Each structure stands twice: as C-alpha cells, then as structure tokens.
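Trainee: mind looking at a prediction? Sequence and model below.
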Amino acid sequence: MEKAKIIIDKLKRLKPEGITRRWVFNILGVIAIFFIIVFVIASFAIKNHYYSNVESILSSGVSNSAVNYFSSNFDSGKSIEEAAVDYFDSYSYKDKTTIWIIDNEGNVILSSTGFSIEKTNMPDFEEALNSDDSTGKFVGKLDNGEKAMAVCRLLKNNDGNTIGAIRVMSSLKQINNQIRTLIFLIFISLIAVFAIIILSNLYFIRSIIIPVKEVNETTKKISEGDYSVRIEKKYNDEIGDLCDAINNMAEEISTTDKMKNDFISTISHELRTPLTSIKGWGETLTFGMDDSVDDITRKGLEVIVKEASRLEGFVEELLDFSRLQSGRMKLRLAQTDIFAELDETVFTFRERALREDIGVKYSIPEAPAIAEADANRLRQVFLNILDNALKYSRAASTIFVKAEFTKLDDENFVKISIADQGCGISKEDLPHVKDKFYKANVSVKGSGIGLAVTNEIITLHNGKLEIDSVEGKGTLVTIYLPIENSPEELASQEQTNN
C-alpha cells in the first residue's frame, strides 16, 4: 500500500508533456490493459472450471445408470421411494450433494437429508419436462437465499412413461468463496507485478530524465548568458557524451564571449580619445567662425560636431554594455532626489524635442523622492527612454511624462510613466525589446543596447521596467524605483522639524 502511494505521488508530479508522462500513458497503459484482460479471462476461467466440476458431480447423480436403476427397480415391483432409499445409500457424493425425488406433480416425495420438503420453485424441473433429453439445469438462489446449482432428470419406466424425477443439488457458497480467494490472489499478484514493472521502469526512466533535465536547465542558463555552468557527467553513454559536448560548447562560448567583450572594451576606449578630439576641435572651430566663413564650411562643421556627438554616445553605450556583460557595472550610491534628477533631465530634453516639433507634457509631485541611488545612472535611464520616445514619435505629437508615489508589496516606490504617440511596437517584437542588440524598427538609428543597459541599471536599483505598446498608436514605458520615505512620512518629518 505504501508503494502504491509513492507511485501515485510520482505520477501526480509528472510534467503534462514530459517523457515520463508519455511513457506512463503509452507503455504502462498497454501493460495495464493487458493485465485487465488477463484478470478478466482468468476470473471467468476459474469460475467456469469450478462450476464445471460441480456440474460434473451433479450430472453423475442423474446419469443414465441412475435412471436405469430407478426404471429396473420400479419394473421389479419396488416403489420409487424404496428405490430412492437404496440409491441414496449407494451414491458416491451423498456428503457433498442433496438428492430429491420428485413426483410428476413437482412434489418432493423424498430427500437424501431425511427432511420433508415443501413444494418449491424448481426451474430445472420445468426445463426437464419441456426438453428433448428430459434434463434441466439451474444455477441461482434458492428460496432461502442460498446460491446453489441443481441438475434434474425425468425418471421413466420401461414403457417410456414418466414416473417422476431425480434432482441433485449442491450449495455454491464454499465454491464461490474459493473462487473469490483465487481471484483476489490473482489480483494481488498482478498488482505486485505491475508495481515492480513501474518501479523498475521509473528507476530506468529517471536515469534518462534527470540528466536530460540537468541538460535542459544548463542550456537555459547558457542561453541567458551564464557560461560558467557545467553539467556533471554521471554516465559513460550517449547522455554522458551529450554532457561533454554541452560543457565544451559552454567553454568555447565563454572564451569567445570574453574575447568579444575585451574587443568591445578595447575598441571603445580607443575610439573615445579621437572622438573627443574631433568633437572638441569641431566645436572650437564652430564657435570661432566669423561671417567670412562660407555656408558649406559652417554646415560641414556642424555635421562633424553632431555626428561626433552621436558616435561618442554610441561608444559610451558600448562601454556600458561591456561593463554589463562582464559584471563590472557598479553604482555609486548616495542620497538622491529621484524627482530632481528627472526634472533636470526633462528640462534639458524639452528644448531638443521642441526643435523637432514634439511637445512635452510633464507632471511631478512637489515632495521629494529620496533614495539611495546613482544620480548619473538615473539621468542616463531617463535620457535613454526620452530619447527613444523622441526617435519613434511623429512630428506635432506629444510626449507625456508623469511621476507619482505608489506602493508595491507594501513598499514605497515612485512610478515614472513616459508615453509617446509614435509608431508603437508590434506584439511579436514587444517581448524582445529589452534584449541586447534587438531593434524592433531597423529604420531608426540606434545600437539596440540602450534599453538593455537601461533595464540593467533599473534592476541594480532594485526597480522594475515595464513596456506596453500598441502598434500605430504609441508606447508607454513605466519605471518603478524604491524610495526611503513616502510623502506622508516626509510631511510628518517636516512638521516635526518645524
């Protein structure tokens, strides 16, 4: 019973589409059906065997020799009662059966038990009267409720006239108990065999499924960027070879990734110096120009400064990406007013948006939002999201920026919502927009890593970034950042200080 509970618990935990579940329903299902068929056939065979033995014993009591015995005795002048008494004494199975002698009217005139029997319902006697072989059989319950088997045969004299009938009966109670015992033993045996099959196969299947699960979990971690994970090799078979292959793959990917990160970091640092010089000298020449400089030169210098600034921003993103990949991105935490940083970023951004015919609507609480945060990184987050909103917005549209206090899991947070009325993001692209180097709209300039870096900075601040978008209508970006005090607590502190 305890083993059955263990098996049931294991089956309940099976994965809906897992290998083990398919094995249970395919292999064990066939075995279970086979066992059920065997059980049913065995039950019928046992019952038929025992009932056939009982019927054979009863049939011997109404055999031709028994009928001839009564006929000869009746013709010699003996009464049917006298002949019956002699027959009772000579019958081999008189201890196992009961014999009735019945007259033509269906009355029991003599019983081997010696007791008088009242007239009772005898379907086998009725069958014998109407059958060609003068024999009838009954299996069922007697008037007293006991289940029995009876065989009845008509007795005739030498002239062929019916002089009565002989009925041999046997109780089936003991036989049925034996049948039930045997069927129960067969049932227990089949259950035990089935349990052994399940346990042995579960042990075998677990030797496959557990390594496969480990392989699955490891490959998921590798796909998420953790190249340090390895699978312990437990078997020298195909599963073991697969583990070796995945470990080698992870090692090669880790080496290649390190080379890539080192290259990005090196090239970014190498590009930063000349870009700074180009931008610096471009700005110097631009500011130093007088009216004698022609328009083409002036325009060319402005383009140089603008593109150098764009490349400088791209290089900074690459450096941040390199730090992100290598785990070197660190925060310089200090007491910071999140709303003050947002306000300063929006103020700087507003002028740029207006030059591109994009309006900015801004709403912020008066109370400060104090948190342990990196002010520079927060400004980078706000600027990246506002920059994306501007890049994907249409002319004469509006960008909405709203900040408010909120609670998440009973903790104090600020909620900053930035919405645009741009082209939006498709349902297919939306789940991937925070992935590294993923660009939903390739027609818009950008590296595809800004949002990934932004998400990482927010995560390092124990915050959360949510993006919701409807293609053709616009995008809503929501930032949640934890703070130390709620507005009510700040107001209470101010009153205390005053």
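Mentor: That came through fine. Bear in mind that the values here come from a model prediction, so they are computed numbers and not experimental data.
Trainee: can you show me the CA trace of stretch 419-428 as PDB?
Mentor: Output in PDB follows, covering the C-alpha atoms of stretch 419-428 (Å, rounded to 0.1, in the frame of the first residue of the first chain):
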ATOM      1  CA  ALA A 419       4.400  57.800 -23.100                       C
ATOM      2  CA  ASP A 420       4.700  58.800 -26.700                       C
ATOM      3  CA  GLN A 421       2.300  58.900 -29.700                       C
ATOM      4  CA  GLY A 422       4.700  57.300 -32.100                       C
ATOM      5  CA  CYS A 423       4.700  54.200 -34.300                       C
ATOM      6  CA  GLY A 424       4.500  51.700 -31.400                       C
ATOM      7  CA  ILE A 425       5.900  48.200 -31.200                       C
ATOM      8  CA  SER A 426       4.300  45.100 -32.700                       C
ATOM      9  CA  LYS A 427       3.200  42.200 -30.400                       C
ATOM     10  CA  GLU A 428       5.900  40.000 -31.900                       C
END
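Trainee: return the set of buried residues in that stretch.
Mentor: The neighbour-count check on stretch 419-428 (16 or more other CB atoms under 10 Å) flags 419, 420, 421, 422, 423, 424, 425 as buried. For the C-beta atoms, the positions are set from N, CA and C on the backbone; glycine is no exception.
Trainee: dump the residues you listed to JSON lines, plus distance to residue 54.
Mentor: As requested, the buried residues of stretch 419-428 are exported to JSON lines (distance: CB to CB, whole Å):
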{"residue": "419", "distance to residue 54": "90"}
{"residue": "420", "distance to residue 54": "92"}
{"residue": "421", "distance to residue 54": "93"}
{"residue": "422", "distance to residue 54": "92"}
{"residue": "423", "distance to residue 54": "90"}
{"residue": "424", "distance to residue 54": "86"}
{"residue": "425", "distance to residue 54": "83"}
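Trainee: tell me the one among the residues you listed nearest to residue 184.
Mentor: Nearest to residue 184, judged by CB to CB, of these is residue 425 at 67.2 Å.
Trainee: mind checking the SS state of that closest one?
Mentor: For residue 425, the secondary structure call by DSSP: H, G, I helix; E, B strand; the rest coil comes out as coil.
Trainee: tell me the phi and psi of it?
Mentor: phi -130, psi 140 (degrees, to the nearest 10).
Trainee: that one contacts residue 433, doesn't it?
Mentor: Yes. Using CB atoms under 8 Å as the test, residue 425 is close enough to residue 433 to be in contact (6.2 Å).
Trainee: follow-up on the earlier one: with pLDDT and distance to residue 197 added, can I get the buried residues of stretch 419-428 in a markdown table?
Mentor: Output for the buried residues of stretch 419-428, formatted as a markdown table (pLDDT from 0 to 100; distance: CB to CB, whole Å):
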| residue | pLDDT | distance to residue 197 |
| --- | --- | --- |
| 419 | 94 | 62 |
| 420 | 93 | 63 |
| 421 | 90 | 66 |
| 422 | 87 | 63 |
| 423 | 87 | 61 |
| 424 | 87 | 57 |
| 425 | 86 | 54 |
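Trainee: which one of those residues is nearest to residue 109?
Mentor: For the buried residues of stretch 419-428, the nearest to residue 109 is residue 425 (102.6 Å; CB to CB).
Trainee: ok, and the closest non-adjacent residue to that closest one?
Mentor: Leaving aside its sequence neighbours, residue 425 sits nearest to residue 469 (CB to CB, 6 or more residues apart in numbering; 3.9 Å).
Trainee: on the strand side of things, show who that neighbour bridges to.
Mentor: Bridge pairing for residue 469 (DSSP bridges) gives the partners residue 475.
Trainee: and for it, the neighbour number?
Mentor: Other residues near residue 469 come to 23 when the count uses other CB atoms under 10 Å.
Trainee: hang on, it packs against residue 476?
Mentor: Yes. Here residue 469 lies in contact with residue 476, judged by CB under 8 Å, at a distance of 7.0 Å.
Trainee: isn't residue 58 up against residue 172?
Mentor: No. Residue 58 lies out of contact with residue 172 (CB under 8 Å); the separation is 11.1 Å.
Trainee: so between these two, which is more surrounded?
Mentor: Neighbour totals were compared for residue 58 and residue 172, and residue 58 leads with 24 against 19 (other CB under 10 Å).
Trainee: tell me the contacts of the more buried one?
Mentor: By CB atoms under 8 Å, 6 or more residues apart in numbering, the contact set of residue 58 is 97, 149, 150, 151, 168, 169, 170.
Trainee: rewinding a little: and of the buried residues of stretch 419-428, the nearest to residue 455?
Mentor: Closest approach between the buried residues of stretch 419-428 and residue 455, by CB to CB: residue 425, at 14.9 Å.
Trainee: can you tell me how far that closest one sits from residue 62?
Mentor: Distance check for residue 425 against residue 62: by CB to CB, to the nearest Å, it reads 94 Å.
Trainee: and if you look at residue 79?
Mentor: Applying CB to CB, the value for residue 79 to residue 62 is 20 Å.
Trainee: with residue 477 instead?
Mentor: Residue 477 is 98 Å from residue 62, where distance means CB to CB.
Trainee: kindly report the same for residue 196.
Mentor: Computed as CB to CB, the residue 196 to residue 62 distance reads 49 Å.
Trainee: more neighbours, these two?
Mentor: residue 62 (24 against 11).
Trainee: beta partners for the closest residue to the more buried one other than its chain neighbours?
Mentor: Excluding the flanking residues, the one nearest residue 62 by CB to CB, 6+ apart is residue 153, at 3.8 Å. Beta-bridge pairing for residue 153 (DSSP bridges): residue 135, residue 166.
Trainee: pretty sure residue 153 sits against residue 165.
Mentor: Yes. Counting by CB under 8 Å, residue 153 touches residue 165, with 6.5 Å between them.
Trainee: who touches both of these two?
Mentor: Shared contacts of residue 153 and residue 165 (CB under 8 Å, 6+ apart): residue 128.
Trainee: looking at those two, which one has more neighbours?
Mentor: Between residue 153 and residue 165, counted using other CB under 10 Å, the more crowded position is residue 165 (28 against 25).
Trainee: could you measure from that one over to residue 363?
Mentor: 109 Å.
Trainee: same question, residue 126
Mentor: 101 Å.
Trainee: just residue 22 next, same as before
Mentor: Taking CB to CB as the criterion, residue 22 is separated from residue 363 by 56 Å.
Trainee: and residue 413, helix, strand or coil?
Mentor: Secondary structure, three-state DSSP: residue 413 is strand.
Trainee: and for it, the neighbour number?
Mentor: Residues near residue 413, counting by other CB under 10 Å: 22.
Trainee: hang on, residue 149 in a strand?
Mentor: Yes. Checked against three-state DSSP, residue 149 lies within a strand.
Trainee: do I have it right that it meets residue 53?
Mentor: No. Look at residue 149 against residue 53 with CB under 8 Å: they stay out of range, at 10.6 Å.
Trainee: the two: which is more packed in?
Mentor: Ranked by neighbour count (other CB under 10 Å), residue 149 and residue 53 place residue 149 first, with 21 against 11.
Trainee: now that one, nearest residue through space, not along the chain?
Mentor: That would be residue 139: by CB to CB, 6+ apart, it lies 4.9 Å from residue 149.
Trainee: how close does the residue nearest to residue 393 when sequence neighbours are not counted get to residue 200?
Mentor: Spatially, and ignoring its direct neighbours in sequence, residue 393 is nearest to residue 422 (4.3 Å; CB to CB, 6+ apart). Relative to residue 200, residue 422 is positioned 63 Å away (criterion: CB to CB).
Trainee: name the residues contacting each of residue 58 and residue 172.
Mentor: The contact sets of residue 58 and residue 172 overlap at residue 149 (CB under 8 Å, 6+ apart).
Trainee: which residue ranges form the helices in the stretch 101-250 of the chain?
Mentor: Listed in chain order, the helices of the stretch 101-250 of the chain (DSSP state H, counting those that start in this stretch) span 123-130, 173-223, 238-287.
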